[in-house]
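*Asks:* Quick one, structure for this:
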Amino acid sequence: MKPKCTTAVVRKITRDVNEDVRDHVRALANTEAFEQSHRERKKVEMRFAHMKRILRLDRLRLRGLNGVRDEVLLTATAQNLRRLAKLICRPPPQLAVAC
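*Replies:* So this is what the prediction gives:
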């Protein structure tokens, strides 16, 4: 890469120790499997963002591992009930009328 960047004799081009791994990851980023994984991760991350922002789970109120587990479980249950209510109360799809 040095001939592309400079003609100087003394100038160095540094490359990070982990740059080979980064190149590999950049190559994987354009695959269909990565896109599928990205879509699935986005769904989960949006659920956590909703829990933190809307349902106020940014700070846990209960102490201990059991308290945290209970609080997250209650929040996830409320979130799932909300999604279920939206699915049930959805108006029926409009049928297309053939002319």
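
*Asks:* my guess is Gln79 contacts Leu55, does it?
*Replies:* Yes: between Gln79 and Leu55 there is a contact under Cβ atoms under 8 Å: 6.8 Å. All C-beta spots, glycine's among them, are computed from the backbone N, C-alpha and C.

*Asks:* who touches the residue nearest to Val72 when sequence neighbours are not counted in this structure?
*Replies:* Nearest residue to Val72 in three dimensions, chain neighbours excluded: Leu57, at 7.2 Å (Cβ to Cβ, 6 or more residues apart in numbering). Residues in contact with Leu57, defined by Cβ atoms under 8 Å, 6 or more residues apart in numbering, are Met51, Glu71, Val72, Thr75.

*Asks:* who has more neighbours, Gln79 and Leu55?
*Replies:* Between Gln79 and Leu55, counting by other Cβ atoms under 10 Å, Gln79 is the more crowded of the two (17 against 14).

*Asks:* returning to what we had before: quick one: which of the contacts of Leu57 is most hemmed in?
*Replies:* Thr75 (20 neighbours).

*Asks:* which strands and helices sit next to whichever strand or helix holds that one?
*Replies:* Assigned by DSSP states H and E, Thr75 belongs to helix 64-88. Under the contact definition 3 or more Cβ pairs under 8 Å, 6 or more residues apart in numbering; DSSP states H and E, helix 64-88 sits against helix 32-53.

*Asks:* now the angle between helix 64-88 and the helix it packs on, please.
*Replies:* With axes from the mean of the first three to the mean of the last three Cα atoms, to 10 degrees defining the directions, helix 32-53 sits at 100 degrees from helix 64-88.

*Asks:* how about the residue nearest the centre of the chain, what does it touch?
*Replies:* Nearest to the geometric centre of the chain sits Lys42, at 3.3 Å (Cα atoms, centre = their mean). The contact partners of Lys42, by Cβ under 8 Å, 6+ apart, come to none.
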